[in-house]
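Visitor: 3D, please:
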Amino acid sequence: METSPFTTGLTSTTEGSAARAVAPVSKPLTNRALAMRLCQLVAHAGLSEREFSLRCGRSGAHIGLLIDRLSASERADVQRRTLVSIADACGVTLDWLLTGRGAEPSAEHVRRCIGR
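Guide: Sure thing, here's the model as predicted:
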């Protein structure tokens, strides 16, 4: 059985005292490309990274730290729930966020979805 070079296990999450593995998702073509798409969403939203993070259900510094980590290392992993919360808040598909495939969201669309 072959494994795809674009599949990776994401970091585990903890619920209560038991840790569980998170299902693999398609890995972005590069982490830098994912960081660029995140920056694009923040810019389209017209919000600070802190406010963007909060509207995506993350802590205030989360998106900025994530962008920095992805920009610095191709080995950095991201939790699936983080990607899903960002995609949901911005009205984009997880596939677009990870790979850039599909229609690029307009600034108007992102602002409307994120509630600005």
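
Visitor: Which helix or strand contains the most centrally placed residue in the chain?
Guide: Per CA atoms, centre = their mean, the C-alpha nearest to the average position across the chain is that of residue 83, at 3.5 Å. Per DSSP states H and E: residue 83 is located in helix 80-90.

Visitor: Past that helix, which element shows up next along the chain?
Guide: By DSSP H and E, the next helix or strand past helix 80-90 is helix 94-99.

Visitor: sorry, back to before: could you check the helix holding residue 83 and say which residues are buried?
Guide: Within helix 80-90, the residues scored as buried using 16 or more other CB atoms under 10 Å are 80, 82-83, 85-87, 89-90. In short, each C-beta sits where N, CA and C put it, glycine included.

Visitor: Over to stretch 60-78?
Guide: 62-64, 66-67, 70-71, 77-78.

Visitor: give the contact list for residue 73.
Guide: residue 31 (CB atoms under 8 Å, 6 or more residues apart in numbering).

Visitor: how close does it get to residue 101?
Guide: 23 Å (CB to CB, to the nearest Å).

Visitor: what's the answer for residue 79, then?
Guide: Per CB to CB, residue 79 is found 22 Å from residue 101.

Visitor: the more surrounded of those two?
Guide: Taking other CB atoms under 10 Å, residue 79 and residue 101 do not tie; residue 79 has more neighbours (15 against 10).

Visitor: Could you report the distance from that one to residue 109?
Guide: Residue 79 is 25 Å from residue 109, by CB to CB.

Visitor: quick one on the thing from earlier: wait, which of the buried residues of stretch 60-78 is closest to residue 44?
Guide: Checking the buried residues of stretch 60-78 against residue 44 with CB to CB, the nearest one is residue 63 at 13.1 Å.

Visitor: Near the residue nearest to that closest one when sequence neighbours are not counted, how many other residues are there?
Guide: Nearest non-adjacent residue to residue 63, counting by CB to CB, 6 or more residues apart in numbering: residue 53, 4.3 Å away. For residue 53, the neighbour count with other CB under 10 Å is 24.

Visitor: Fine by me, thanks again.
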